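# whatever this is, show me its structure:
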Amino acid sequence: MSLIESLSGIIIAKNATNLILGVGGINFQLNITTNTFQNLPNDNEKVMILTYLHVKEDALDLFGFSDAEERNIFVHLNSVSGIGPKSALNILSGSKPNILINNILSEDVNSLTIVPGIGPKTAKRIILELKEKFMHNDHDQSLIKSESTGVLYDAQRALESLGYASLDIKRAISKEYSQNKINDKLEDVIRKILSKMVK
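Model (predicted):
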């Protein structure tokens, strides 16, 4: 848990990487992701931001997030050897949280190396250290439960009722729908998921 759990204040200024937040006469500078930037209201409006305080010998860096899921992923990324908070922020800025999780679960090295400074070795380390963590908690449900992918949630429940293992279904969903583009009917989704499970 961060020393500063959250900040509520007025937006003084913002851009895709930084937020200046006025709180009780003190202006805080927070490092943010592009996802958080897109979720912020206009300047001079009030907002509550979840935070993470990174302590170094010569500096205190404050990171801000619009939701708990993104902050949790940031903390996980920051725990990977060789990945600092700035790299973790860049990785999150390069992808939506649910797509990033699915790329890790499906061991998609190429999707991670798109981020500047992340080579194949680092990408494989991220997958090695985080795949099991995401596989055994609720993060990997974020794609399935999101509003735009409700059909995936229905497909998973239907396949589970037929006796298929939940983990196998999730893996198949990650392989088939990792880009979060779903225009299929429920029966087509189930058919595609099954085709990935038997390979």
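
# where does pLDDT dip in this structure?
1-2, 135-150, 178-182, 198-199 (pLDDT under 70).

# now the strands for it?
Ranges of strands within the chain are 6-14, 18-23, 26-31, 46-55, 60-65, based on DSSP state E.

# need those in CSV with distance to L130 and mean neighbour count, can you?
Using the backbone N, CA and C atoms, a C-beta is placed for each residue, glycine as well. Shown next, in CSV, are the strands of the chain (distance: least, C-beta to C-beta, whole Å; neighbours: other C-beta atoms under 10 Å):
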stretch, distance to L130, mean neighbour count
strand 6-14, 24, 16
strand 18-23, 26, 18
strand 26-31, 21, 15
strand 46-55, 17, 16
strand 60-65, 18, 21
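
# compare those strands and give me the one nearest V80.
Nearest to V80 among the strands of the chain is strand 46-55 (14.5 Å), distances taken as C-beta to C-beta.

# other SSEs contacting the biggest helix by length in the chain?
Longest helix of the chain, by residue count under DSSP state H: helix 120-135. Helices and strands touching helix 120-135, by 3 or more C-beta pairs under 8 Å, 6 or more residues apart in numbering; DSSP states H and E, are helix 68-78, helix 97-105, helix 109-113.

# pull out the buried residues from the second one.
Using 16 or more other C-beta atoms under 10 Å as the test for burial, helix 97-105 gives P97, N98, I99, L100, I101, N102, N103, I104, L105.

# cool, stretch 115-124 as well?
By 16+ other C-beta under 10 Å, the buried positions in stretch 115-124 come out as V115, I118, T122, A123.

# now the third one, nearest residue through space, not along the chain?
Once flanking residues are discounted, T122 sits nearest to G82: 5.8 Å by C-beta to C-beta, 6 or more residues apart in numbering.

# what's the answer for the first one, then?
The spatially closest residue to V115, leaving aside those adjacent along the chain, is G94, at 4.7 Å (C-beta to C-beta, 6+ apart).

# give me phi/psi at that neighbour?
Note on G94: backbone dihedrals following degrees, to the nearest 10 are phi -90, psi 0.
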